[in-house]
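[1] Next input, structure requested:
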Amino acid sequence: MLADRKITLSLTPAARKFIFKSGYDRAYGARPLKRAIQRLVQDPLAIKILDGSVRPTNHVLVDAAKSALTFAVTPVTSFDPFSLSFRSAAEESAFVSVFSSAVTQKLCAN
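    Just a heads-up that it's a prediction; the model follows:
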């Protein structure tokens, strides 16, 4: 899992559209989408992790080129929790809960 390796992943709107177009079938609807995500994102990313081009704490930005997805890898050198943005209040609340629990555990361990 990416979270175990502290690897973050984001997709541009163009990449999302590319994956959707590749994974949509008029007869089956969105059912092939899971296979498209695996083939277009998960498999290439796994290869990049195995060959060492994606390392722990890296951020991977997936974008769409003409006929394929591109993977831009950026090392993350620091973590600023104040620069985070959340899609919903529930997502923010879940993060705060997990983050505060981790900080409490760390403080109690010392």
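[2] Next secondary structure after the helix or strand residue 18 falls within?
    Secondary structure assigned from DSSP states H and E places residue 18 in helix 13-23. Remark: after helix 13-23, the chain's next helix or strand is helix 33-37, criterion DSSP H and E.
[3] pLDDT weak spots in the chain?
    77-87, 98-100, 102-103, 105-106, 109-110 (pLDDT under 70).
[4] Where do the strands of this structure begin and end?
    8-11, 58-64, 69-75 (DSSP state E).
[5] Which elements pack onto the shortest one?
    Contact partners of strand 8-11 among helices and strands, from 3 or more C-beta pairs under 8 Å, 6 or more residues apart in numbering; DSSP states H and E: strand 58-64. Just so you know, the C-beta spots here come from the backbone N, C-alpha and C atoms, and that holds for glycine as well.
[6] in its sheet, what does the strand it packs on sit against?
    Applying DSSP bridges to the sheet, strand 58-64 is found paired with strand 8-11 (parallel), strand 69-75 (antiparallel).
[7] buried residues in that strand?
    58, 60, 62, 64 (16 or more other C-beta atoms under 10 Å).
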